[in-house]
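Peer 1: need a structure here:
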Amino acid sequence: MKKIWQFSKKALVILAILLTMLVTLNWDKVSRLHSVITLFDKEVIVDNFSHMEQAFWTQRITKSANPFQFDYQEKSLPEAFEYQTKNISVDEFLKRRATTALLVLKNDKITFEQYYLGTKAGDNRISWSMAKSFVSVLFGMQVDAGKIDIEKTVGFYLPEMQGSGYEKVKVKHVLQMSSGVKWDENYLDFNSDINKMGRLLAMGGSLDDMTTQLESESTAGEKFHYVSMDTHVIAMILRRVTKQSLVELVQQNLWNKIGMEGDAAWITDSKDTAFALGGLNARTRDYARFGRLLLNNGRWQNEQLVSQQWIQESSSAGADYLKSGDGTLGYGYQIWLPPLAQQGEFFCVGVYGQYIYINQQQGVVIVKNSADKIFKDGYSKQETIAFFRAIVMSLQQQSLAHSNLNR
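Peer 2: Numbering: from 1, shown residues only. Down below sits the predicted model:
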């Protein structure tokens with residue numbers, strides 16, 4: 001018995017040494033995996049969303065040498081707004097939705113800018129799926145240049161997709177999130193596809209390889225089904241036709257062009273391939289600059305960076321199943337439409353409450369960043385749009401009151 005115990009003790013010591021060596025040799029991977037698994041924990045989520053470079057590989061995007069400067073004209077927010085017949089306090093809403101930043105821009109003037117929960121103006125905030133709209137604009141530039149035809153299939157541009165669910169799908173349908181590819185986007189399910197992808201990023205896998213393994217679930221172009229990996233396929237086509245990385249493209253065609261004030265970072269996999277569907281980290285004011293580009297239909301100062309046609313198509317429903325309705329959202333090319341959308345009213349959105357809202361008729365851009373752990377309550381987007389619309393109405397009323405005083 002004594003010999004057995006001595007043997008077991010030695011075996012445990014050897015096992016402990018082997019485990020220690022394994023962890024030491026793969027410490028970066030273990031650390032990143034732990035960061036990914038605990039990324040959304042209540043105690044750390046706010047800080048994590050401003051320090052994503054600590055959990056993932058990233059590539060730097062350099063600020064503009066000549067940042068575009070906004071003017072300021074301070075206006076108050078409404079005290080409350082209506083949603084589903086309820087009168088909701090703005091202060092309560094901002095707190096309940098774990099808001100970290102709110103910026104309101106009207107006619108090139110910042111009318112409101114505030115940072116919350118200990119965050120600062122200089123923080124680089126994770127975009128999550130707002131990044132999809134950045135990819136759409138970059139994609140539109142190549143469509144404008146004649147390098148991409150959205151009526152062709154994914155397989156035409158990416159032969160490696162042969163046999164996958166994407167091979168015979170039109171590029172247009174991938175843009176519209178109607179690829180028909182099987183995908184589980186449930187962020188609250190540890191074993192969902194989107195969470196498996198997060199662990200793949202942490203452990204050093206290839207996002208490109210993952211796309212080739214996805215299968216078809218339904219006929220493309222018949223129904224909306226949100227598949228985040230659709231955006232990665234769009235980015236793969238972009239990289240293929242331009243022979244540039246997504247980070248190079250965003251640096252040359254956006255950061256250098258529209259006067260971004262801060263260095264940004266884009267999350268990548270271990271192969272330096274950008275996490276196209278949600279990996280941009282930038283300042284709130286720089287998200288507002290991108291919103292200004294969308295507000296002006298792709299025109300920045302005296303230069304048309306992406307065609308007005310592309311912005312209008314991207315912010316419109318191209319099929320009946322993509323239209324917004326009473327209480328329901330619509331979709332364009334990687335850009336969302338609010339319920340009963342007005343002409344020129346659309347938004348970019350990311351999980352946990354990231355928004356860039358555009359109202360072209362009223363000249364308004366609103367950026368909201370958050371760490372909203374209850375964002376999956378079934379009505380977060382609709383409630384937030386009601387808040388944004390209340391801000392637009394309040395600005396109209398304040399302008400009218402100011403005009404009446406000066407008569």
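Peer 1: who does the helix ranked longest in the chain touch, helix- and strand-wise?
Peer 2: Using DSSP state H, we find that the single longest helix of the chain is helix 380-405. Other elements packing on helix 380-405 under the criterion 3 or more CB pairs under 8 Å, 6 or more residues apart in numbering; DSSP states H and E are strand 80-83, helix 90-96, strand 99-106, strand 345-350, strand 354-359, strand 364-370. Quick note: C-beta positions are derived from backbone N, CA and C, even for glycine.
Peer 1: test of understanding: give the bridge partners of residue 59.
Peer 2: Beta-bridge partners for residue 59, by DSSP bridges, are residue 266.
Peer 1: residues touching the helix or strand containing residue 309, excluding its own?
Peer 2: Secondary structure from DSSP states H and E places residue 309 in helix 308-314. Identification of contacts with helix 308-314 by CB atoms under 8 Å, 6 or more residues apart in numbering yields 133, 136-137, 140-141, 143-144, 294, 297-299, 332-335.
Peer 1: would you mark the buried spots in it?
Peer 2: By 16 or more other CB atoms under 10 Å, the buried positions in helix 308-314 come out as 310, 311, 312, 313, 314.
Peer 1: related to what we said a few turns ago, indicate which one of the helices and strands packed on helix 380-405 is closest to residue 192.
Peer 2: For residue 192, the closest of the helices and strands packed on helix 380-405 is strand 345-350, at 16.9 Å, according to CB to CB.
Peer 1: and the closest one, what does it pack onto?
Peer 2: In terms of contacts (3+ CB pairs under 8 Å, 6+ apart), strand 345-350 is packed against helix 131-144, helix 284-295, strand 336-337, strand 354-359, helix 380-405.
Peer 1: same thing but at 10 Å, please
Peer 2: Judged by 3 or more CB pairs under 10 Å, 6 or more residues apart in numbering; DSSP states H and E, strand 345-350 is in contact with helix 131-144, helix 284-295, helix 308-314, strand 336-337, strand 354-359, strand 364-370, helix 380-405.
Peer 1: how far is that strand from where the chain is centred?
Peer 2: Remark: strand 345-350 is offset 10 Å from the chain centroid, using CA atoms, centre = their mean, to the nearest Å.
Peer 1: low pLDDT regions in the stretch 51-200 of the chain?
Peer 2: The model of the stretch 51-200 of the chain has no residue with pLDDT under 70.
Peer 1: mind redoing it with 80?
Peer 2: Counting by pLDDT under 80, the stretch 51-200 of the chain contains low-confidence residues at 188.
Peer 1: quick one, helices of it?
Peer 2: For the stretch 51-200 of the chain, the helices defined by DSSP state H, counting those that start in this stretch occupy 90-96, 131-144, 154-157, 171-175, 193-203.
Peer 1: adding distance to residue 104 and mean neighbour count, write these out as CSV.
Peer 2: Below are the helices of the stretch 51-200 of the chain laid out as CSV (distance: least, CB to CB, whole Å; neighbours: other CB atoms under 10 Å):
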stretch, distance to residue 104, mean neighbour count
helix 90-96, 12, 14
helix 131-144, 19, 24
helix 154-157, 39, 19
helix 171-175, 29, 25
helix 193-203, 31, 19
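Peer 1: just to revisit the earlier point, of the helices and strands packed on helix 380-405, which is nearest residue 207?
Peer 2: Taking CB to CB, strand 345-350 is the member of the helices and strands packed on helix 380-405 nearest to residue 207, at 17.7 Å.
Peer 1: quick one: the closest one to helix 284-295, angle?
Peer 2: For strand 345-350 against helix 284-295, the angle by axes from the mean of the first three to the mean of the last three CA atoms, to 10 degrees is 140 degrees.
Peer 1: for strand 345-350, list the C-alpha coordinates in CSV.
Peer 2: Taking C-alpha atoms only, strand 345-350 is exported to CSV below (Å, rounded to 0.1, in the frame of the first residue of the first chain):
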residue,chain,number,x,y,z
GLU,A,345,-33.3,57.1,-41.5
PHE,A,346,-31.1,54.1,-40.7
PHE,A,347,-28.6,52.9,-38.2
CYS,A,348,-25.5,50.7,-37.5
VAL,A,349,-25.7,48.5,-34.4
GLY,A,350,-23.6,46.2,-32.3
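Peer 1: mean confidence for it?
Peer 2: Average pLDDT, strand 345-350: 98.
Peer 1: got the angle between it and strand 364-370?
Peer 2: 20 degrees.
Peer 1: which residues touch the closest residue to residue 398 other than its chain neighbours?
Peer 2: Spatial nearest neighbour of residue 398, chain neighbours left out: residue 75 (5.5 Å); criterion: CB to CB, 6 or more residues apart in numbering. By CB atoms under 10 Å, 6 or more residues apart in numbering, the contact list for residue 75 reads 104, 106, 109, 110, 111, 112, 391, 394, 395, 398, 399, 402.
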